[in-house]
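*Asks:* fold the following, please.
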Amino acid sequence: MITNLCTAVTALGVRLDILLVKAEGPYVEKLPASARLIRLRTGHTATSVVELALYLRRERPDALLAVKHRAIVAAVRARRLARVDTPIGGRLGTTVTAALEGKSERRKRLWFDAMRTYYPAMQAIIPVSEGVASDIAHITGLRRDAMTVIANPVITPELFRLADAPSPHPWFDEEPPVIIGVGRLTAQKDFPTLLEAFALLRKTRNAHLIILGDGEQRESLQRLAEQLGIADDIGLPGFQKNPWAWMSRSRVFVLSSRWEGSPNTLSEALALGVPVVATDCPSGPREVLDGGVVAPLVPMGDAGALASGMEQMLNSPPPPEILKAAVSAYHAEASARAYLRALGLSVNGQ
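*Replies:* So this is what the prediction gives:
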């Protein structure tokens, strides 16, 4: 999402510096050419404070947006070290309480104490959903009205262009229908429940299931598919640079997560007019789907409910116009303008 935000901000004529701690990964090449990329020598956000302070003192930017918790802590500490008054905004993209569930009490305490110490020093706290905002308020004691919720810049012209690419898999060229999930193969996404739900669905109708993404659970998911007797109807093609060509041709998109912040893949599927089913996890799906009005919301970890939701969407898909309207606030330009306003900046008087 940050690449989308950077592209939308520069398209509005804003001069943008992008400070990279780790200049690697599939998305670095997608950063806008008009932005100035500054590769920090440090290998970790926590050790970037001095270098970031030197940048703030030298460049005096009009504002600084820090992405994720560790970057927020580093940014506030760097500004103090630099003795400048640069406004800082912090983007929070996940529900921290859910993300730290099962972690040690010491780790939780350190994380929460840092939030209480550093977040009040920011000029703009920017959660990506109401659920994330409520979680921050609960942890820090900050008022909810001290935060500005801004929808992720999910919808771009590039998304629709890439969605129209040639069919990426022969399953899309024939029946039965394809159901798709997208995300890292980790505990957060709870793809084992999706496999169990798909096995239940397969008892009543033919279908294929494709899960895009890589991660530590690949082998265990393959074993589970074999145990459930659905291995021949499951595809695990790994990470795909263009997931939208897969998503746009699928009959149903499924979000089976245990937690999110604001689920981008869910918003992308809706923007493409693809029927969806989502778990009612913290947080984001309930907001995006208007409490289940737009599409089914099911309990987390409930394979039976997930299977019923998939069958409902296969049998009675909502009109694409309704699905697309649900994510109208997620267009990249609107999101970029909202970020600039939150940072106290304006473009063309807006």
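*Asks:* can you pull out the strands in the chain?
*Replies:* 17-20, 36-39, 64-67, 88-92, 124-127, 178-182, 208-212, 234-238, 252-255, 276-279, 297-298 (DSSP state E).
*Asks:* show me the contact partners of the fifth one.
*Replies:* Pointing back at strand 124-127 there. 87-92, 119, 133, 135-136, 142, 146-150, 261, 339, 342-344 (Cβ atoms under 8 Å, 6 or more residues apart in numbering). Glycine gets a C-beta too; all of them are placed from N, C-alpha and C.
*Asks:* ChimeraX command for the buried members of those residues?
*Replies:* Per 16 or more other Cβ atoms under 10 Å, the buried members of the contacts of strand 124-127 correspond to this ChimeraX selection:
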select :87,88,89,90,91,92,119,133,135,136,142,147,148,149,150,261,339,342,343
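*Asks:* shouldn't residue 49 be in contact with residue 76?
*Replies:* No - counting by Cβ atoms under 8 Å, residue 49 stays clear of residue 76, with 9.4 Å between them.
*Asks:* so what's the closest residue to residue 99 other than its chain neighbours up against?
*Replies:* Distances taken as Cβ to Cβ, 6 or more residues apart in numbering place residue 259 nearest to residue 99, at 6.0 Å, with adjacent residues excluded. By Cβ under 8 Å, 6+ apart, the contact set of residue 259 is 94, 95, 98, 99, 101, 188, 281, 282, 283.
*Asks:* find the nearest non-adjacent residue to residue 100, please.
*Replies:* Nearest residue to residue 100 in three dimensions, chain neighbours excluded: residue 108, at 5.2 Å (Cβ to Cβ, 6+ apart).
*Asks:* scratch that, residue 306
*Replies:* Nearest one to residue 306, counting by Cβ to Cβ, 6+ apart, is residue 197 at 3.7 Å.
*Asks:* ok, the one you found - contacts?
*Replies:* 254, 256, 303, 304, 306, 307, 310.
*Asks:* over to residue 51?
*Replies:* Taking Cβ under 8 Å, 6+ apart, we find residue 51 in contact with 40, 41, 42.
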